[in-house]
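1. sequence and predicted model, in that order:
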Amino acid sequence: MSRRKTLGVRKKIALVAGAAALVAGTAIVMTGTSQASVACDGLAQAVRNNENFIAGQRAAPDAQDGSSCPCVRGSAGHRSAHRPPLP
């Protein structure tokens with residue numbers, strides 16, 4: 001005659017508590033990854049904006065030769081006027 005083993009009350013409570021902890025941990029991890037997804041979406045949008053800007057500049061460039069700059073025009077030192085000093 002075989003005797004069936006049953007779970008005691010303490011073991012049942014431990015099993016339920018472990019399952020609840022597993023579910024809570026999974027929920028926390030999934031919430032963190034969804035926030036990372038939002039950050040990646042923002043990065044992807046920034047890259048698209050940059051690509052659109054570059055394409056627009058190639059199609060119709062703004063004045064980048066310094067002619068619209070209010071500093072000393074036409075001088076050899078024009079570009080160095082906008083650079084930070086070297087350390």
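-> Yep, it's here. No experiment lies behind these values; they were computed from the predicted model shown.

2. what secondary structure does Ala55 sit in?
-> Following DSSP: H, G, I helix; E, B strand; the rest coil, the label given to Ala55 is helix.

3. can you report how many residues neighbour it?
-> 9 (other Cβ atoms under 10 Å). All C-beta spots, glycine's among them, are computed from the backbone N, C-alpha and C.

4. and if you look at Asn50?
-> 10.

5. where does pLDDT dip in this protein?
-> Applying pLDDT under 70 to the chain flags the ranges 1-2, 31-38, 63-87.

6. how about the helices in it?
-> 9-59 (DSSP state H).

7. now do the phi/psi pair for Thr6.
-> phi -120, psi 160 (degrees, to the nearest 10).

8. just give me the neighbour total for it.
-> 7.

9. and the gap between it and Lys12?
-> Applying Cβ to Cβ, to the nearest Å, the value for Thr6 to Lys12 is 10 Å.

10. what of Leu43?
-> Applying Cβ to Cβ to Leu43 and Lys12 gives a distance of 47 Å.
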